[in-house]
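Chemist: sequence and computational prediction follow.
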Amino acid sequence: MAGKALICAAAVLLLSPVLIAADGDDGDDLTARQLADQAKDHLLDTKSVHLKLTDRSTDTRASTTRPASMDLALDQHGNCVGSMTMGSHGGSVEIVKQGAEVWMKPDADFWKAQVPGGEGDAVAELFKNRYIHGSTKDAMLKGMADTCDLTSFQKEVAGDDKASTLKKGTETTVDGTKVIPLKGVEDGKQAVLYVTSDAPHRLVKATQRGGGTDLTLTFTDYDKPVPTATPSADESVDVGKLQQELENA
């Protein structure tokens, strides 16, 4: 599953301008550099976060295997809950992970896109409205489970060493929160980081546009615990049954 890779790649692309901001661009309180550094530090230090990704890039819209959107609450312990929708009518899947246990509930379009031929219809009907349940050791669930790794995401952001210049824009709002846009260019693409005007200065939104790329990331609920509810046994099917069905297909 390409979910984790896409989130990490998007984060690196969008946050790489954070490393160097324009020192001379002073605002009422903080320079662009100070705002950017504080926003990055908060993202790296948070124990949990609610992340939303929207990818309307040309390649993603044409692909049934690349997530066009994600909505995940995830933490540093690898717990998460949320969903992702694939590009090009590739369906969607709900995700729940607590500890080493993983549940995923694909819709019919997802099964049809992922399982070739008419078998996709059969698998979709067999597992209709039920979660596939297993552990992080199950090869079929591991890729989905890896998407829930906030620590890995943070390492990707921390390890990026690209540099570019940011300029402060005029204060605006994102979902009712006052923010200061920090604008820059990375590899010919326009990037904007929206950082809260008031302390603590946190990143709430980042966008990147240009050259066929159209990415948006939003971050909310910093340090808010991930919901712990898990699907019941009646709602779930062991991943071994899915493996059997695919082997017999």
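Modeler: That came through, no problem.
Chemist: going forward, measure contacts and count neighbours with C-alpha atoms only.
Modeler: Fine.
Chemist: can you pull out the low-pLDDT segments for the chain?
Modeler: 1-28, 159-164, 247-249 (pLDDT under 70).
Chemist: now the helices for it?
Modeler: 3-15, 32-45, 58-61, 108-114, 119-126, 139-146, 150-159, 239-248 (DSSP state H).
Chemist: those: which one's closest to Asp175?
Modeler: Shortest distance between Asp175 and those, using Cα to Cα, is found for helix 32-45: 17.7 Å.
Chemist: mind giving me the packing neighbours of that closest one?
Modeler: Helices and strands touching helix 32-45, as assessed by 3 or more Cα pairs under 8 Å, 6 or more residues apart in numbering; DSSP states H and E, comprise helix 150-159, strand 189-196, strand 203-210.
Chemist: got a markdown table for the ones you listed, with mean neighbour count and distance to Ala233 too?
Modeler: Output for these, formatted as a markdown table (neighbours: other Cα atoms under 10 Å; distance: least, Cα to Cα, whole Å):
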| stretch | mean neighbour count | distance to Ala233 |
| --- | --- | --- |
| helix 150-159 | 18 | 27 |
| strand 189-196 | 24 | 42 |
| strand 203-210 | 22 | 37 |
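Chemist: got these as JSON lines, with distance to Ala139 columns?
Modeler: Shown next, in JSON lines, are the helices and strands packed on helix 32-45 (distance: least, Cα to Cα, whole Å):
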{"stretch": "helix 150-159", "distance to Ala139": "19"}
{"stretch": "strand 189-196", "distance to Ala139": "36"}
{"stretch": "strand 203-210", "distance to Ala139": "33"}
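Chemist: those: which one's closest to Asp29?
Modeler: Ranking these by proximity to Asp29 (Cα to Cα) places strand 189-196 first, at 12.3 Å.
Chemist: closest to Ala100 out of the helices of the chain?
Modeler: For those, the distance to Ala100 is smallest for helix 139-146, at 8.8 Å, taking Cα to Cα.
Chemist: may I see the buried residues of the closest one?
Modeler: For helix 139-146, a neighbour-count test (16 or more other Cα atoms under 10 Å) marks 140-141, 143-146 as buried.
Chemist: do the same with stretch 230-241
Modeler: Within stretch 230-241, the residues that count as buried by 16+ other Cα under 10 Å are 236-237, 239.
Chemist: again, but for stretch 130-139
Modeler: Buried residues in stretch 130-139, defined by neighbour count with 16+ other Cα under 10 Å: 130-136.
Chemist: cool, and stretch 71-89?
Modeler: Judged by neighbour count using 16+ other Cα under 10 Å, the buried positions of stretch 71-89 are 71-76, 78-89.
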